[in-house]
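Visitor: quick one: sequence plus predicted model below, questions after.
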Amino acid sequence: MNLMPMFTTTTVMMLSAGASFAGGAIVPVVEAQPVMIDEAPVASNWAGAYVGGGLGYSFGSDDEVGIAVVEDGEEIARDTDLGDADIKGVTARLHAGYRWQRGNWVFGPELGVEGGSVDGETDILPFGTAATIESELNYLVTLVMKTGYEVQPGTLIYGTFGVAHGDFDYNLSTGGQSYTDGFSATGIAAGLGVERMINDKMSIFAAYQYRDLGKETVSFSDDFGETITSEATPAHSNVSFGVNYRF
């Protein structure tokens, strides 16, 4: 029996095994990749007192004119659906408020006052007589609660709800005569807005607000001792743009 091939094979295997034990097993090196963790966004600081101002435009009123004639406390004639004296025009606004913040929620009261060139007029023909009715806003005061949510750092979406009080003049011109009755009306104010921080102190905003001031009866006394009445409906919408400064 020839043992040479078996001896040779065994020798080669032993030498190979010895080489493995002598040098150790070669383990491939895997380079570790850094784990990136996104930081949670931090809410901006909206809390504190602030003042602001802006420009706006009022529109969309629905003041349908009707005329009634009253004599000795009794209505003797009425003419309705004569036209619309819809007020509209440019406004300027100043306001001040205070905000609290809980996480991303921001809320607080705001007091505002605005005025400008806001009026409307229409030519009417009550009882076959040519006349003109004009309604004019002198000023408007609002007190609302603003509640908002910071959708991303520095950007606030909010809603407003509260009361509005307006002072108006209502004018009737006919036959070379002019009669004016001033009145005030109080109602609700509700709207939506968005505000964006420029820096830690200043921000810009855009807002929409609807004011429903109900109906008010206005009265004029003519030269014949009669009282002419009409109902003013000074409800309207307003859009505004402006700047806030936080203390």
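Guide: Great, that's in hand.
Visitor: so where is the protein shaky, pLDDT-wise?
Guide: 1-42, 223-225 (pLDDT under 70).
Visitor: any idea what sits nearest Gly48, other than its immediate chain neighbours?
Guide: Nearest residue to Gly48 in three dimensions, chain neighbours excluded: Arg246, at 5.3 Å (Cβ to Cβ, 6 or more residues apart in numbering). Every residue, glycine included, has its C-beta placed from N, CA and C.
Visitor: so who does that neighbour touch?
Guide: The contact partners of Arg246, taken as Cβ atoms under 8 Å, 6 or more residues apart in numbering, are Trp46, Gly48, Ala49, Tyr50, Asp200, Lys201, Met202, Ser203.
Visitor: in helices, which of these fall?
Guide: Among these, no member is found in helices (DSSP state H).
Visitor: among these, which ones are buried?
Guide: With neighbours counted by 16 or more other Cβ atoms under 10 Å, these contain buried members at Trp46, Tyr50, Ser203.
Visitor: would you mark the buried spots in stretch 80-100?
Guide: For stretch 80-100, by 16+ other Cβ under 10 Å, it's 82-89, 91, 93, 95, 97, 99.
Visitor: with distance to Leu143 and secondary structure added, can I get the residues you listed in JSON lines?
Guide: Listed next are the buried residues of stretch 80-100 as JSON lines, based on distance: Cβ to Cβ, whole Å; DSSP: H, G, I helix; E, B strand; the rest coil:
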{"residue": "Leu82", "distance to Leu143": "35", "secondary structure": "strand"}
{"residue": "Gly83", "distance to Leu143": "33", "secondary structure": "strand"}
{"residue": "Asp84", "distance to Leu143": "29", "secondary structure": "strand"}
{"residue": "Ala85", "distance to Leu143": "27", "secondary structure": "coil"}
{"residue": "Asp86", "distance to Leu143": "25", "secondary structure": "coil"}
{"residue": "Ile87", "distance to Leu143": "21", "secondary structure": "coil"}
{"residue": "Lys88", "distance to Leu143": "24", "secondary structure": "strand"}
{"residue": "Gly89", "distance to Leu143": "23", "secondary structure": "strand"}
{"residue": "Thr91", "distance to Leu143": "17", "secondary structure": "strand"}
{"residue": "Arg93", "distance to Leu143": "14", "secondary structure": "strand"}
{"residue": "His95", "distance to Leu143": "10", "secondary structure": "strand"}
{"residue": "Gly97", "distance to Leu143": "10", "secondary structure": "strand"}
{"residue": "Arg99", "distance to Leu143": "15", "secondary structure": "strand"}
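Visitor: ok, which pair from these is furthest apart?
Guide: Farthest pair in those (Cβ to Cβ) is Leu82 and Arg99. Separation: 46.4 Å.
Visitor: ok, back up a step: for Gly116, state which of the buried residues of stretch 80-100 is nearest.
Guide: Taking Cβ to Cβ as the measure, Gly116 lies nearest Thr91 of these, at 3.9 Å.
Visitor: so for that closest one, what's the nearest residue that isn't a sequence neighbour?
Guide: Gly116 is the one closest to Thr91 (Cβ to Cβ, 6+ apart), at 3.9 Å.
Visitor: now do the strands in this structure.
Guide: 48-59, 64-71, 74-84, 88-102, 105-124, 131-152, 155-174, 177-197, 202-212, 216-221, 227-232, 236-246 (DSSP state E).
Visitor: now do the fourth one: which elements does it pack against?
Guide: Going back to what we said before, that points to strand 88-102. strand 48-59, strand 105-124, strand 131-152, strand 236-246 (3 or more Cβ pairs under 8 Å, 6 or more residues apart in numbering; DSSP states H and E).
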